[in-house]
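J.: Next comes the sequence, and after it the predicted model I'd like to discuss.
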Amino acid sequence: MIIEIKEAAIKQLKKVDYKENEGVRIEAIYVGSCSIYVEHELKIDNKNEDDERFIIDGVPLLISSETKKHLPDKVFLNYHDELGYKLYSDEEILRYNLQLTRVN
């Protein structure tokens, strides 16, 4: 899996004070009842046993083995002041207007 974080997103993510064992989790969440689809979220979370941890330009990223099943081989993360974070691939926008939250 390849994750590319664009410069604007790197600047924002470097402002976060990460505690030990924390990172930015890209998470796929099942949504729906009759037709199930996956929605993506960004949150600051602790690393779990089944997570793969990436360090990209000093930013720790966490992706679970389950989430990896629902992401393309290459994804991009960008940021815009008015639109929040955008997670996308070469083929599609996975989610835009993402807000970074911290898991309690």
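T.: Perfect, I can see it now. Residues are numbered from 1 along each chain as shown.
J.: Run a quick neighbour tally on Lys6.
T.: 14 (other C-beta atoms under 10 Å). Quick note: C-beta positions are derived from backbone N, CA and C, even for glycine.
J.: Might you report the residue contacts of it?
T.: Phe76, Leu77, Asn78, Tyr79 (C-beta atoms under 8 Å, 6 or more residues apart in numbering).
J.: Name the helix or strand for the residue nearest the centre of the chain, please.
T.: By C-alpha atoms, centre = their mean, the chain has its centre lying nearest to Ile26, at 2.7 Å. Ile26 belongs to strand 22-31 when assigned by DSSP states H and E.
J.: Show me what the helix or strand that that strand is followed by is packed against.
T.: Where DSSP H and E defines the elements, the next helix or strand beyond strand 22-31 is strand 37-46. Secondary-structure packing of strand 37-46 (3 or more C-beta pairs under 8 Å, 6 or more residues apart in numbering; DSSP states H and E): strand 22-31, strand 84-88, strand 93-98, strand 100-102.
J.: hmm, 6 Å instead?
T.: strand 22-31, strand 93-98, strand 100-102 (3 or more C-beta pairs under 6 Å, 6 or more residues apart in numbering; DSSP states H and E).
J.: about what we covered before: secondary structure for the contacts of Lys6 - can I get that in CSV?
T.: Below are the contacts of Lys6 laid out as CSV (DSSP: H, G, I helix; E, B strand; the rest coil):
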residue, secondary structure
Phe76, strand
Leu77, strand
Asn78, strand
Tyr79, strand
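J.: Most neighbours among those residues, which one is it?
T.: Going by other C-beta under 10 Å, Leu77 tops these with 25 neighbours.
J.: pLDDT wise, what is that one at?
T.: pLDDT, Leu77: 97.
J.: So for stretch 5-13, mean pLDDT?
T.: If you average the pLDDT values across stretch 5-13, you get 97.
J.: Serialize the helices and strands packed on strand 37-46 to a markdown table and add fields for mean pLDDT.
T.: A markdown table is the format used below for those (pLDDT from 0 to 100):
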| stretch | mean pLDDT |
| --- | --- |
| strand 22-31 | 90 |
| strand 93-98 | 93 |
| strand 100-102 | 92 |
